[in-house]
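Novice: need a 3D model of the sequence below.
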Amino acid sequence: MCRYWSLSLLALTVLVLGALLAVTGASRARAETYVSGTISTDTTWTLAQSPYIATGDIVVAPGVTLTIEPAVQVRFDGFYQLWIKGRLEAVGTPGSPITFSRNSTTGWNRIHVQTNIGGSADVHYAIVQGATTAFSVGHEGGAGFNGPLTTIANSILRGNGTGLTNPENWGPLDILDNEVSGNGTGLSLTHGSPQTRILGNRVINNTSTGADISGDPTFSYNLVSGNGGDGLRGNITGVYTYNTITANGGNGVVPFDYANLQYNNICGNGGYALYYAIPGPPDATATNNWWGTTDMVAIDALILDGLDNPAYGIVSYVPFASAPVPEAPPDTNCDGVDDNATPTPTATDTPTASPTLTATSTPTATDTAVATNTPTPTETPVPPTFLCRFRDGSSTLDILLGNQWRVFDADSGLDVSGTGVWFIRNLVRVRGNAGGLEVSGMGLCPFGPGRFKLTKQILDRGAGD
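Specialist: This next block holds a predicted model:
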């Protein structure tokens, strides 16, 4: 099992328990502190003055830092936002998380980090709930990838309209080891950056899409499960490895463009495992994934692509994993239940008391373990296979794909069986080759009367044996 994933799950479990203890064991005598307007000098919100009640928008000016101590509660008494144009440092501990929530039945707006004017945040061990958007990290009225690093780690984003989103584009962003659950949409990051890392998160039980991700981020070691809509969708063109995408109500993965998915567990979803309705080319790479089965006919049925509609590109999925990928979050049964998870209690949406627990040492941004080396897969790839037969007295070759025979012209390599498909995944690649056929893969082609022979994966029409 992946040590990175185990540490992430343990930290989140401790965080939830810490929040419950904070709510139930706190003193009710502490005075409330009312806040609104612009913070123009470096400011610290202390546990002694918690809870902080926002009665209007709060803006942290450029060049200014707002520091929030562990166990502090911030409650929004209306549709207000915390707008970071400078710096937010909100670092709790597993036993004393920082809480952002509503103060009444009225929901609140968001925490917005405006990166294009230098805004940034370092948030660890926080609970954000009841907002229209928990975190909005990006630009406001501009585009580009500039800005300092923002980190959101070891936190819980739940019960919001959207867990995390970005207006326009964003700068460097780390989303590490969070639980994003019970929101409308989990993650909606539609303007990607190669500087973005989304690692070790549990994106679970959101009512709509789990993760809508586009651009070129690194999206790895995440559990995307139990969401009401599709699990993962967007332009899947970055690094998408070692994820487990299971038991979502819609499709597992829905690319909007060329897709590159490798070493993931994608199984047990309500629709297709991979829905590739993209006009082809380009074709998609989805190799070394676990599809919940090693039956190639069954895997074909889990993938929608050019074999179902000739207008779409083709998904190359061979070789595929013969068992669940061990580096990804464990869900052996493809049922959306983490093999190592234990039931965790939930804190109330509106805390009624302030914590009195003693804060432990404050972690820094470097405390979060991030895998930097790609693990070597341990599963044995399944080799591609096919069957073919040559018709006596004919210049055509029949090739069995799945459970259907298709007919190819020996000279041109074209599919003449009426399907119009001539590039068949990477099980069989057929094309004209000076009077012969090139077949990529491994399989059985008998030496028939047409003197075809299989030599080093090249099927030549020649002198024969």
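Novice: low-confidence ranges in the stretch 251-400 of the chain?
Specialist: Applying pLDDT under 70 to the stretch 251-400 of the chain flags the ranges 281, 338-400.
Novice: again, 50 this time
Specialist: 342-387, 389-393 (pLDDT under 50).
Novice: all strands for it, in order.
Specialist: Along the stretch 251-400 of the chain, the segments classed as strands by DSSP state E, counting those that start in this stretch run 253-255, 261-262, 265-267, 274-275, 284-285, 303-304, 315-316, 387-390, 396-401.
Novice: so which elements touch the first one?
Specialist: Going back to what we said before, that points to strand 253-255. Strand 253-255 sits against strand 232-234, strand 274-275, with contacts defined as 3 or more C-beta pairs under 8 Å, 6 or more residues apart in numbering; DSSP states H and E. C-beta here means a position set from N, CA and C on the backbone, and glycine is covered the same way.
Novice: next: the fourth one.
Specialist: Helices and strands touching strand 274-275, by 3+ C-beta pairs under 8 Å, 6+ apart, are strand 253-255, strand 303-304.
Novice: single out the most deeply packed of these.
Specialist: Burial among those, expressed as mean neighbours by mean count of other C-beta atoms under 10 Å, is greatest for strand 253-255, which shows a mean of 26.
Novice: domains for the protein, by residue range?
Specialist: The record's domain split for the chain, according to automatic domain parsing, is 3-367, 387-461.
Novice: weakest of those by average pLDDT?
Specialist: By mean pLDDT, the lowest-scoring of the domains of the chain turns out to be domain 387-461, with a mean of 44.
Novice: can you pull the contacts of the closest residue to residue 293 other than its chain neighbours?
Specialist: Ranked by C-beta to C-beta, 6 or more residues apart in numbering and with sequence neighbours excluded, the top spatial neighbour of residue 293 is residue 299, at 6.3 Å. Under the criterion of C-beta atoms under 8 Å, 6 or more residues apart in numbering, the contact list for residue 299 reads 291, 293, 317, 320.
Novice: now those residues as a markdown table including neighbour count?
Specialist: Output for the contacts of residue 299, formatted as a markdown table (neighbours: other C-beta atoms under 10 Å):
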| residue | neighbour count |
| --- | --- |
| 291 | 26 |
| 293 | 16 |
| 317 | 28 |
| 320 | 19 |
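Novice: on that earlier part again, which stretch among the helices and strands packed on strand 253-255 comes nearest residue 327?
Specialist: strand 232-234 (17.3 Å; C-beta to C-beta).
Novice: distance to residue 86 added to the helices and strands packed on strand 274-275, as JSON lines?
Specialist: Written out in JSON lines, the entries for the helices and strands packed on strand 274-275 read as follows (distance: least, C-beta to C-beta, whole Å):
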{"stretch": "strand 253-255", "distance to residue 86": "38"}
{"stretch": "strand 303-304", "distance to residue 86": "47"}
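Novice: so for residue 127, which of those sits nearest?
Specialist: Each of the helices and strands packed on strand 274-275 was scored for nearness to residue 127 using C-beta to C-beta, and the closest is strand 253-255 (29.3 Å).
Novice: give me the residues contacting that closest one.
Specialist: Counting contacts by C-beta under 8 Å, 6+ apart, the residues touching strand 253-255 from outside are 230-236, 245, 259, 261, 266, 273-276, 278, 284.
Novice: could you redo the last one with a cut-off of 6 Å?
Specialist: The contact list for strand 253-255, computed with C-beta atoms under 6 Å, 6 or more residues apart in numbering, reads 230, 232-233, 236, 274-276.
Novice: name the nearest of those relative to residue 223.
Specialist: When these are compared for distance to residue 223, the smallest value, 11.2 Å, is given by residue 232; criterion: C-beta to C-beta.
Novice: for the closest residue to residue 68 other than its chain neighbours, give me its contacts.
Specialist: What sits nearest to residue 68 in space, not counting adjacent residues and going by C-beta to C-beta, 6+ apart, is residue 90, at 4.2 Å. Going by C-beta under 6 Å, 6+ apart, residue 90 touches 68, 98, 123, 126.
Novice: residues contacting the second one?
Specialist: Right, residue 98. Applying C-beta under 6 Å, 6+ apart, we find residue 98 in contact with 68, 72, 90, 92, 126.
Novice: any idea how far the residue lying closest to the second one once chain neighbours are set aside is from residue 290?
Specialist: Ranked by C-beta to C-beta, 6+ apart and with sequence neighbours excluded, the top spatial neighbour of residue 72 is residue 50, at 4.4 Å. According to C-beta to C-beta, to the nearest Å, residue 50 and residue 290 sit 46 Å apart.
Novice: for residue 289, give me phi and psi.
Specialist: Main-chain torsions, residue 289, degrees, to the nearest 10: phi -100, psi 150.
Novice: and for the nearest residue to it once chain neighbours are set aside, the neighbour number?
Specialist: What sits nearest to residue 289 in space, not counting adjacent residues and going by C-beta to C-beta, 6+ apart, is residue 264, at 4.9 Å. A total of 30 residues lie near residue 264 under the criterion other C-beta atoms under 10 Å.
Novice: the strand or helix carrying residue 136 pairs with which strands, parallel or anti?
Specialist: With elements taken from DSSP states H and E, the one containing residue 136 is strand 131-138. Taking DSSP bridges as the criterion, strand 131-138 sits next to strand 108-114 (parallel), strand 162-165 (parallel) in its sheet.
Novice: and after it, which helix or strand comes next?
Specialist: For strand 131-138, the succeeding helix or strand toward the C-terminus, using DSSP H and E, is strand 150-153.
Novice: send the alpha carbons of that following strand over as CSV?
Specialist: Extracted C-alpha coordinates of strand 150-153, given in CSV (Å, rounded to 0.1, in the frame of the first residue of the first chain):
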residue,chain,number,x,y,z
THR,A,150,-0.6,28.9,-2.6
THR,A,151,-0.9,25.7,-0.5
ILE,A,152,-4.1,24.1,0.8
ALA,A,153,-3.2,20.9,2.7
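Novice: so which elements touch that strand?
Specialist: In terms of contact count using 3 or more C-beta pairs under 6 Å, 6 or more residues apart in numbering; DSSP states H and E, strand 150-153 is assigned the packing partners strand 120-124, strand 173-176.
Novice: in its sheet, what does that strand sit against?
Specialist: strand 120-124 (parallel), strand 173-176 (parallel).
Novice: rewinding a little: mind putting the helices and strands packed on strand 150-153 into CSV with mean neighbour count?
Specialist: Listed next are these as CSV, based on neighbours: other C-beta under 10 Å:
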stretch, mean neighbour count
strand 120-124, 24
strand 173-176, 24
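Novice: tell me if I'm right that residue 153 and residue 176 touch.
Specialist: Yes - between residue 153 and residue 176 there is a contact at 4.1 Å, judged by C-beta atoms under 6 Å.
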